[in-house]
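In: Take this sequence and fold it.
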Amino acid sequence: MKKLLAFVLLITIVFTGCTKDKNTNNKNEERLLVYVSFYPMYFLAEEIGGDFVETKTVVPFGVDSHDYEPSMDQLRELTNAQVFIYNGANFESWVEKLINSVIEEDKTINASKYCELIEEDGVVDPHLWLDPENMIKVAEVIKDKLIELDGKNRVNYEENYESLKKRLMDLDNKYFEELKDKKNDSIIVSHRAFGYMANRYGFKQIPVAGISPDQEPSPRTIANIIDLISEKNYNYIFLETLASPKTVEVIAEETNLEILVLNPIENLTEEEIESGEDYITIMEKNLENLKKALVK
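Out: The predicted model follows:
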């Protein structure tokens, strides 16, 4: 955090005299410069903005979003962005220090302000994007902001938004349809990231770790989960991508559970990007694995 504060102070001092000129130059560009904090917001901005925006993400592809801090070059370029979109709800620990120092608040969109947040053990769960209904809400805000900044392309933004909205609604309906005949009511997950998904589609998550995957579960927590597995008919334990598999592998070996992937879509790997994966295709893969644990 001290490192980040030093960055912010340096950016504020060094670029106070030139930010105005850089922003002026940027306004002459054909495309809007849209910065986002991490992948789910990148997906929305890209889908709605299309060819009329240049979308850049602070957290690089393939990097865990939880502990990332922006580089000096990223902070510098953020001063030129027409809009900065972030998740909020304490997901990006570095964001609040940037508002009104690196980028003005009226150029930002805090996605968490437009969604009904849930709490787990008194802690706000930031993983709001795992509910497609929340993604639709945030997408509409992004669409309106792009129209405000670039009214001449209103029709394109509106058409892109409507197309995205339909895809997200179809995804939502598919989840409801394919999980409606659940035989089990809970899943065991590596960390408490799936509260919004669980609430939306009527099941419970039993987490090994807390809201952050970096939280190490206590021996008592692990023992309690092993006891629970022996009492109920669980066949699977879910491991997320970009997380250490160590604890999950220990539990799986102890209880003879099969490990399945449940992707919290906090980021995409380079391989996923190259193969054409996106938020919706990964959510569909998540659904296939959920069906194994809850329905089949």
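In: close enough to count as contact, R200 and L171?
Out: No: counting by Cβ atoms under 8 Å, R200 does not reach L171; the two are 11.2 Å apart. C-betas here are computed from N, CA, C, even on glycine.
In: Going C-terminal from the strand or helix carrying I188, what's the next secondary structure element?
Out: Taking DSSP states H and E as the criterion, I188 maps to strand 186-191. Where DSSP H and E defines the elements, the next helix or strand beyond strand 186-191 is helix 195-201.
In: Which neighbours do R200 and L171 have in common?
Out: Common contacts of R200 and L171, defined by Cβ atoms under 8 Å, 6 or more residues apart in numbering, comprise P132.
In: Spatially nearest residue to G88, not counting backbone neighbours?
Out: Using Cβ to Cβ, 6 or more residues apart in numbering and skipping residues adjacent in sequence, the residue nearest G88 is S112, 3.4 Å away.
In: Ok, Y175 next?
Out: Y201 (5.3 Å).
In: residues touching the one you found, list them.
Out: Y201 neighbours (Cβ under 8 Å, 6+ apart): Y175, F176, L179.
In: For the last one, which non-adjacent residue is spatially closest?
Out: Translated: L179. Y201 (5.1 Å).
In: what does the model give that neighbour for pLDDT?
Out: On pLDDT, Y201 comes in at 98.
In: and the nearest residue to D185 once chain neighbours are set aside, backbone torsions?
Out: Once flanking residues are discounted, D185 sits nearest to F203: 5.6 Å by Cβ to Cβ, 6+ apart. Backbone torsions of F203, given as degrees, to the nearest 10, read phi -140, psi 170.
In: F203 contacts K183, doesn't it?
Out: No: contact criterion Cβ under 8 Å: F203 and K183 do not qualify, at 10.9 Å.
In: what do the two both touch?
Out: In contact with both F203 and K183: L294, using Cβ under 8 Å, 6+ apart.
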